[in-house]
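In: I would like the atomic coordinates for the input below:
(chains A, B and C)
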Amino acid sequence: MPFVNWLKRHLVVIAGLFTLGYLLLPNVVVTVFSFNKPKGRFNYEWQQFSTDAWKDPCGVAGMCGSLSLSLQIAVWATLGATVLGTMIAFALVRYRFRARGAVNSLIFLPMAMPEVVMAASLLTLFLNMGAQLGFWTILIAHIMFCLSFVVTAVKARVMSMDPRLEQAAQDLYAGPVQTFLRVTLPIAAPGIAAGALLAFALSFDDFIITNFNAGSTVTFPMFVWGSAQRGTPVQINVIGTAMFVVAVLFVLTSMVIGNRRNKQKA
Amino acid sequence: MSAATEAPPPLAPTAPEKKPPRKRGRLTPYWLLLPGILWLVVFFALPLVYQASTSVQTGSLEQGYKVTWHFATYWDALSEYWPQFLRSVLYAASATILCLLLGYPLAYLIAFRAGRWRNLIMILVIAPFFTSFLIRTLAWKTILADGGPVVGALNTLHLLDVTNWLGWTAGDRVLATPLAVVCGLTYNFLPFMILPLYTSLERIDGRLHEAAGDLYARPWTTFRKVTFPLSMPGVVSGTLLTFIPAAGDYVNADLLGSTDTRMVGNVIQSQFLRILDYPTAAALSFILMAAILAMVTVYIRRSGTEDLV
Amino acid sequence: MKTTTDNSGDVRLTQIGKRYGAFTAVHPLDLTVPEGSFFALLGASGCGKTTTLRMIAGLEEPSQGAVHLGDQDVTHLPPYKRPVNTVFQSYALFPHLDIFENVAFGLRRRGIKSVKKQVEEMLDLVQLGEQARKKPHQLSGGQQQRVAVARALINHPKVLLLDEPLGALDLKLRRQMQLELKRIQTEVGITFVHVTHDQEEAMTMADTVAVMNAGRVEQLGSPTDLYENPRTTFVANFLGTSNFIEADVDFKTGDEIALNAGGGKLFLPVARCSAPAASGGKVLVGVRPEKISLTHADDAGEIPEGRNRITGRIADSSFIGVSTQYVIDSPVCSGFEVYAQNVDRDPRLTPGAEVVLHWNPAHTFGLDAAQDADAGVESVEEDAA
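Out: Sure thing, here's the model as predicted:
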């Protein structure tokens, strides 16, 4: 009976941890199999422990090239989407203007649209215009679908910001430029950073839209996709594991630094 | 519009970056909006128009296409590919329900029960995002492999018999069956369910739970009558964020499924990129978009979220 | 729900205490709230009053001790099984339910089907009959407060717990609601336990007040008793203002203690001294500002015999309509406060004037000199802000 009671009280915790396990299981598998030495072309069955792939992460033709291409595209797409998105977000929150509803729908629709629809229609456009598919078409597509997410993230932050802060700054002799640089931007910064981070992750990991609009250019997700047909090198798992570890370390350090700063302030 | 397409805005614009409203003119918002909105109009809205027009064209790749208002393409596409459409809806709906069932306890755990572990769990929910989803989806091939631990466990528990009977699996396999596809879809879109759920749960004033308890509601009743209704905004946006991409997905069906699990996304992809039958592909894509927009609209109306505070 | 067989509905707390790790929120305390009384737990924030209330409600598990309602031990009952209801701080009204459903919530949970009549009657009692179909956010603060009271009272609890129920209201509305709550309590006759940091609120409404400080009950009594006979400096300062003079005990006669403060003689009734005043020991002599009269030093001869007196100089005076508040520096005590009714104002009483302060010895109270004379002062100012 005590056990049943305990179970009842902690049912949510147990179910939640089960879900967490479900979410993390593939990462565990990816990590473990980065130390595998598969027999055939595919790395789906455990054979024997080996660090070969870790010693030679770029040993697969084309993989590291695709990785660096993906990073480049992600950086530029993030930059473009963040700048354009932040401008839209400020206009939406801080100004009254006509066609506001239309603008809002235009921001919302890309997020409510299956990727394959956007991908296919964009390809139709490029084909009609006779555009050369490659780096630029990928970049254009990425900025397009990241934009809405940046707007949403920045808007949330700017909206929660007290407009009286800006009035206070102006009252204290800050001109519009000064007000923006010294008050508005620093306060909106976390929202902009969140939007940028989201844009980077979305762009870097995008497959469907890229697949339609890349032509013969190969980004990292496309390389993985191709290798799923031809044979999966262990190095893919090495990259996957490294990205996971770097991301977790990055977040943990920023949290620790944040905590320290808070403590110093307090 | 056509003028704009010829001269697309500069990539990564550097000039008018974040100019403050210098002349508090009435034009300022329009200048702020212009580049981004133009981008969306040219590369999001305009393509939809092109696609609509493509879907009513006839012709061939060699001789070129012409708009002939050939609506029969829609009819042909539907009558040929309705099983894939149906599958898309079924798989996406199953994945959405599974995401809700799996995601709710975790979101609840993070919001109310995690205490000082909250941030860590949050990181663990988000961190997998940073490993390419294709790599993680491929990992399911290993997890669900024939004769692997999952299949073994399902077999021992005689659950495979149940899923076989339901038509979710076939024989001794999980891989290349609907179950594997739905499992992959659920996995891929689970965080999109958890995050909005968490956001709306976290906003609930803890005293409301206490108040319900104080007014004779047992924990389960408190959940049904207070917590769940108040988390409806999260449930609605979570299900949308899961259902929409799942319905259009073709990666999971391709990597984890078989030819019998092809979804509409697979058809659009192969029509566009392999068979090069653009009108059919455009028509399918248009039907998918219209169907999803219609479903979403009805769903939002029915769930009555606008009625919530 | 649960009905106890006896008719006594006292709330009894026995050695109840609450610790969070190393921090003790509530030291083990005994408290009995008589049935049908209006009882207030008064103290600054963090003094343990809310924790005590929550232990009665069942929202907090006590680390030790027991809670009884009448004869029933409810210590380990979850809140939804206790015949106790709470009016929460900032109300905790369910935002997704309308007023009617908020009030009906408890009845429905107990499986009562026909709630309409009861809910309507209850809404009429709190004068909200017209608002039944509105959502909480459409009501004003005062109306929300009344919904919260109605939602709890409709269940006919043995005890109604109120956690800072008026804290979110502005001053005028708060006054009005104080009277309103008092009226409702008299009308329904249910025991009210009320937690507040506002001493005026506690004194206006409650029959009995328990003053809490740092997890302990400092003193328990009727408002008048607490005000006139504080037993600690904390209580003396938390309820109103007090002046303290440190004095040496000279001798004791039958019912009076003679004291020596800076050369002057003061008398204090034995009955009003809570400290063991032995000859040669020290006592803190307290007196309330409004009990003191002020006479210009030139007229010192006109002061009747038998009154306690000390001399000083006016440091500051502020006119606030019904009275004038003086701050007086004297050799025995700096910053002595005196409130004088504006009946016959002596124009010579301006800052810098030499004065004699005098009062009836019966209005003096004596406290243990070992304590901090300023205890409870700061917290009052914080809460007022």
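
In: what pLDDT does the residue of chain A found nearest chain B get?
Out: Closest to chain B within chain A is A:P114: 2.4 Å, counting by CB to the nearest CB. All C-beta spots, glycine's among them, are computed from the backbone N, C-alpha and C. In this model, A:P114 is scored at 92, pLDDT.

In: Excluding chain neighbours, what is closest to it?
Out: B:G248 (2.4 Å; CB to CB, 6 or more residues apart in numbering or on different chains).

In: Next, the contact list for the residue lying closest to C:E228 once chain neighbours are set aside, please.
Out: Leaving aside its sequence neighbours, C:E228 sits nearest to C:F365 (CB to CB, 6+ apart; 7.6 Å). C:F365 makes contacts with C:228-230, C:236, C:268, C:272-274, C:285-287, as judged by CB atoms under 8 Å, 6 or more residues apart in numbering or on different chains.

In: which element follows the lengthiest helix in chain B toward the C-terminus?
Out: Ordering each helix of chain B by length in residues (DSSP state H) puts helix B:72-108 first. Downstream of helix B:72-108, the first helix or strand assigned by DSSP states H and E is helix B:118-126.

In: Packing partners of that following helix?
Out: Under the contact criterion of 3 or more CB pairs under 8 Å, 6 or more residues apart in numbering or on different chains; DSSP states H and E, helix B:118-126 touches helix A:11-33, helix A:234-265, helix B:178-202.

In: Any residues of the stretch 151-300 of chain B in contact with chain C? List them.
Out: Proximity of the stretch 151-300 of chain B to chain C, by CB under 8 Å from any CB of the partner chain, involves residues B:205, B:207-208, B:210-218, B:221, B:225-226, B:229-230, B:232.

In: Go through these and flag which are in strands.
Out: Using DSSP state E, no member of those falls in strands.

In: Which pLDDT value belongs to residue 238?
Out: All of this refers to chain A. 94.

In: switch to chain C, that's the one I care about
Out: The model reports C:F238 with a pLDDT of 91.

In: one step back: doesn't B:A291 make contact with the residue of chain A closest to chain B?
Out: No. Counting by CB atoms under 8 Å, A:P114 stays clear of B:A291, with 9.8 Å between them.

In: Okay, now the unreliable bits of the stretch 1-150 of chain A?
Out: A:1 (pLDDT under 70).

In: Please apply the same query to chain C.
Out: Ranges of chain C meeting pLDDT under 70: C:1-7, C:378-385.

In: So B:S270, which state does it fall into?
Out: Counting by DSSP: H, G, I helix; E, B strand; the rest coil, the backbone at B:S270 sits in helix.

In: Could you give the number of residues near it?
Out: As a burial measure, B:S270 scores 16 neighbours (other CB atoms under 10 Å in any protein chain shown).

In: could you measure it against B:N188, distance?
Out: Using CB to CB, to the nearest Å, one gets 21 Å for the distance from B:S270 to B:N188.

In: Look at residue 265 and report its pLDDT.
Out: By default, I'm working from chain A. Note on A:K265: pLDDT of 59.

In: I was after chain B.
Out: pLDDT, B:G265: 93.

In: May I have the phi/psi pair for the residue nearest to A:P114?
Out: phi -100, psi 0 (degrees, to the nearest 10).

In: mind checking how far it is from B:G265?
Out: Distance of B:G248 to B:G265, given as CB to CB: 5 Å.

In: and for those two, which residues touch both?
Out: A:114, A:116, A:208, B:88, B:288.

In: Which positions within the helix or strand containing the second one qualify as buried?
Out: Translated: A:V116. Assessed by DSSP H and E, A:V116 sits inside helix A:115-129. For helix A:115-129, a neighbour-count test (16 or more other CB atoms under 10 Å in any protein chain shown) marks A:115-126, A:128 as buried.

In: Can you name every helix or strand that the very next helix or strand once past that helix contacts?
Out: Heading C-terminal from helix A:115-129, the first helix or strand you meet, by DSSP H and E, is helix A:135-159. On a contact count with 3+ CB pairs under 8 Å, 6+ apart, helix A:135-159 meets helix A:63-94, helix A:100-108, helix A:115-129, helix A:185-205, helix A:208-213, helix B:28-40.

In: how about the ones you listed in a markdown table, adding distance to chain C?
Out: Listed next are those as a markdown table, based on distance: least, CB to the nearest CB, whole Å:
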| stretch | distance to chain C |
| --- | --- |
| helix A:63-94 | 23 |
| helix A:100-108 | 24 |
| helix A:115-129 | 34 |
| helix A:185-205 | 26 |
| helix A:208-213 | 38 |
| helix B:28-40 | 31 |
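
In: Quick one, which of those gets closest to B:L240.
Out: helix A:100-108 (11.0 Å; CB to CB).

In: Just list what the closest one packs against, helices and strands only.
Out: Against helix A:100-108 (3+ CB pairs under 8 Å, 6+ apart) you get helix A:63-94, helix A:135-159, helix B:28-40.

In: Report the buried residues of that helix.
Out: A:103, A:106-107.

In: just to revisit the earlier point, so who does the residue nearest to A:P114 touch?
Out: Contact partners of B:G248, counting by CB under 8 Å, 6+ apart, are A:114-117, A:208, B:88, B:264-265, B:288, B:292.

In: run the last query once more with 7 Å
Out: By CB atoms under 7 Å, 6 or more residues apart in numbering or on different chains, the contact list for B:G248 reads A:114-117, B:265, B:288.

In: what are the ranges of the strands in the stretch 1-150 of chain C?
Out: C:11-20, C:23-33, C:38-42, C:64-69, C:72-73, C:84-87 (DSSP state E, counting those that start in this stretch).

In: Count the neighbours of C:P351 for me.
Out: By the measure other CB under 10 Å, the count of residues near C:P351 is 12.

In: what's the nearest residue to it if we skip its chain neighbours?
Out: C:P351 sits nearest to C:I314 (CB to CB, 6+ apart), 5.1 Å away.

In: bridging residues for the one you found?
Out: Counting by DSSP bridges, C:I314 forms beta bridges with C:I328.

In: Roughly how far does it sit from chain A?
Out: Relative to chain A, C:I314 is positioned 41 Å away (CB to the nearest CB, to the nearest Å).

In: C:D329 is in contact with that residue, correct?
Out: No. Under the criterion of CB atoms under 7 Å, C:I314 makes no contact with C:D329, lying 8.2 Å away.
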